[in-house]
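J.: Show me how the following folds:
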Amino acid sequence: MTQVVVLPHGELCPEGAVIEVEPGTSICQALLENDILIEHACEMSCACTTCHVIVREGYESLEPAEEEEEDLLDKAWGLEPHSRLSCQAEVADTPLVVEIPRYSINMAKEGHGKK
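T.: Below you'll find the model as predicted:
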């Protein structure tokens, strides 16, 4: 099992979390299995950007993103150099630290989080 640290997110994981994940599991699936209800509007088919995460530590251990994922990431809210679609990034043997961005493109369109 591989340790994945999820940094605090105001709505989805206010306290943050440390979860144990079987290598080969997508980050999205691991989050969902641990009651961290990350958005995944396309049902993890690599057709949207709602499951976008930023891998703060351990990024190098992930397989490189495919071209389709790279193209979609260009549309993600808050894109950073270590951004991935969590439905496509599979956990390996190296521990990860993952941040779920404050907003997704769906939340921005629907007006969530505006203060």
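J.: chain center to stretch 90-98: distance?
T.: From the chain centre to the centre of stretch 90-98 is a distance of 11 Å (Cα atoms, centre = their mean, to the nearest Å).
J.: actually stretch 42-51, not the one I wrote
T.: With Cα atoms, centre = their mean, you get 11 Å for stretch 42-51.
J.: And for that stretch, what's in contact with it?
T.: 26, 28-29, 38-41, 66, 68-69, 72-73, 75-77, 85-88, 104-106 (Cβ atoms under 8 Å, 6 or more residues apart in numbering). C-beta coordinates here come from the backbone N, C-alpha and C atoms, glycine included.
J.: Over to stretch 68-83?
T.: 46-49, 52-56, 59, 65, 84-85, 88, 101-105, 107-108.
J.: Quick one, which of those residues are buried?
T.: When these are checked for burial by 16 or more other Cβ atoms under 10 Å, the buried set is 46, 48-49, 52-55, 59, 65, 84-85, 88, 101, 103-105, 107.
J.: measure residue 63 to residue 51 for me?
T.: 16 Å (Cβ to Cβ, to the nearest Å).
J.: Repeat that for residue 43.
T.: Residue 43 sits 10 Å away from residue 51, going by Cβ to Cβ.
J.: do the same with residue 35
T.: Taken as Cβ to Cβ, the span from residue 35 to residue 51 is 16 Å.
J.: More neighbours: which of those two?
T.: Using other Cβ atoms under 10 Å, the more surrounded residue of residue 35 and residue 51 is residue 51, with 27 against 10.
J.: which SS class is the closest residue to residue 88 other than its chain neighbours?
T.: Nearest residue to residue 88, sequence neighbours excluded (Cβ to Cβ, 6 or more residues apart in numbering): residue 69, at 4.8 Å. The three-state assignment at residue 69 reads helix, by DSSP: H, G, I helix; E, B strand; the rest coil.
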